[in-house]
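Novice: Structural data only, the sequence is not supplied:
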């Protein structure tokens, strides 16, 4: 059995594929919580069901309230979001460039068959969508934009394939405050150490790309405003973590009661949004096609 040695991993070559990296990660006894948090555990149907029931998906469901029809899940990975969209009534097309049976297209195909869900799979990159104009009611992209080689082209493609009135949800995108912060973010990212491929943009770079593509009514969800961004923490777990990191553990009960008062919790979040400059913090975006 292999054990994680991040310092050693930093000095050795990366794995040849993302599938190989995830297989290795799943073998590490001290990384099992990360495996669960990333939904890399098996059986895949259980991981996907857990995502569908998560606080993250509950907030996404609210953003999609009143919408139905055809959904495109871009960069679908193992298909957990495709599963959730299908469970909520959408007919789903999953777009995933990796053909892997563990973390790619083959995993999604197997999941769709086993769960009898309306999910079809296309193998392609997000910058060149193999679909006609105005094809989808929803385009969903979880942690996709910061991986794109051409952010502007990807946003234009998302806009092109959406029907008028359709909505894009681009969630859990890494943001840096300054370009020079990118190296710090990459050095700290636990999965970038395995296979590379991570990236982050300035917040204004995302909104500019979405706006230039044609999206209107752009909504920006900050790191502290939604479980979409701070998941796998729940709101309660996030409050406990804040108390711990602030060194207030001896006063945890009192501080927790303070944070449980909505007006104080909302004030705390506003303060955090002003002072939070973590490299790679997560934002999400909603945009509509007129």
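Specialist: Looks like it came in fine. Model, not experiment: these values are computed from the prediction. Numbering: from 1, shown residues only.
Novice: Tally up the residues packed near residue 165, please.
Specialist: The number of residues packed near residue 165 is 10, by other Cβ atoms under 10 Å. (Each C-beta comes from the backbone N, C-alpha and C, glycine too.)
Novice: isn't there a helix covering it?
Specialist: No - going by DSSP: H, G, I helix; E, B strand; the rest coil, the assignment for residue 165 is strand, not a helix.
Novice: Please give me every residue in contact with it.
Specialist: 137, 288, 289, 290 (Cβ atoms under 8 Å, 6 or more residues apart in numbering).
Novice: Restricted to buried residues, select those residues in ChimeraX.
Specialist: Listed next is the ChimeraX selection for buried residues among the contacts of residue 165, using 16 or more other Cβ atoms under 10 Å:
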select :137,288,289
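Novice: could you redo the contacts of residue 165 as CSV and give each row secondary structure, distance to residue 278 and pLDDT?
Specialist: Listed next are the contacts of residue 165 as CSV, based on DSSP: H, G, I helix; E, B strand; the rest coil; distance: Cβ to Cβ, whole Å; pLDDT from 0 to 100:
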residue, secondary structure, distance to residue 278, pLDDT
137, strand, 34, 98
288, strand, 29, 98
289, coil, 32, 98
290, coil, 34, 95
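Novice: okay if I get the contacts of residue 165 as JSON lines plus distance to residue 257?
Specialist: Output for the contacts of residue 165, formatted as JSON lines (distance: Cβ to Cβ, whole Å):
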{"residue": "137", "distance to residue 257": "44"}
{"residue": "288", "distance to residue 257": "40"}
{"residue": "289", "distance to residue 257": "45"}
{"residue": "290", "distance to residue 257": "46"}
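Novice: and of the contacts of residue 165, the nearest to residue 244?
Specialist: For the contacts of residue 165, the minimum distance to residue 244 (Cβ to Cβ) is 39.1 Å, reached by residue 288.
Novice: The closest one: what's its closest spatial neighbour, skipping adjacent residues?
Specialist: Leaving aside its sequence neighbours, residue 288 sits nearest to residue 217 (Cβ to Cβ, 6 or more residues apart in numbering; 4.5 Å).
Novice: which SS state does the one you found fall under?
Specialist: strand.
Novice: Look up how far residue 210 lies from it.
Specialist: According to Cβ to Cβ, to the nearest Å, residue 217 stands 11 Å off from residue 210.
Novice: one step back: report pLDDT for the residue nearest to residue 288.
Specialist: The confidence metric pLDDT takes the value 95 at residue 217.
Novice: With residue 250 instead?
Specialist: So residue 250 comes in at 58 (pLDDT).
Novice: Next: residue 196.
Specialist: In this prediction residue 196 is given a pLDDT of 82.
Novice: Please tell me how far it sits from residue 162.
Specialist: Distance of residue 196 to residue 162, computed by Cβ to Cβ: 31 Å.
Novice: Who has more neighbours out of these two?
Specialist: Shown here are residue 196 and residue 162; by other Cβ under 10 Å, residue 162 has more neighbours (25 against 14).
Novice: just checking, that one touches residue 139?
Specialist: Yes - between residue 162 and residue 139 there is a contact at 5.6 Å, judged by Cβ atoms under 8 Å.
Novice: Need the overlap of contacts for the two.
Specialist: Common neighbours of residue 162 and residue 139 (Cβ under 8 Å, 6+ apart) are residue 168.
Novice: which regions of the stretch 101-250 of the chain sit below the pLDDT cut-off?
Specialist: When residues are selected by pLDDT under 70, those of the stretch 101-250 of the chain lie in 248-250.
Novice: need the contact list for residue 136.
Specialist: So residue 136 contacts 69, 70, 71, 72, 93, 161, 162, 163, 166 (Cβ under 8 Å, 6+ apart).
Novice: What about these, which are in helices?
Specialist: Of the contacts of residue 136, the ones assigned to helices by DSSP state H are residue 161.
Novice: what's the closest of the contacts of residue 136 to residue 120?
Specialist: Using Cβ to Cβ, the contacts of residue 136 come closest to residue 120 at residue 93, 5.3 Å.
Novice: Quickly note the distance from the closest one to residue 147.
Specialist: Going from residue 93 to residue 147 by Cβ to Cβ gives 19 Å.
Novice: Kindly report the same for residue 132.
Specialist: Computed as Cβ to Cβ, the residue 132 to residue 147 distance reads 25 Å.
Novice: Compare those two (neighbour count), which wins?
Specialist: When residue 132 and residue 147 are compared for neighbours, residue 147 comes out ahead with 17 against 9, by other Cβ under 10 Å.
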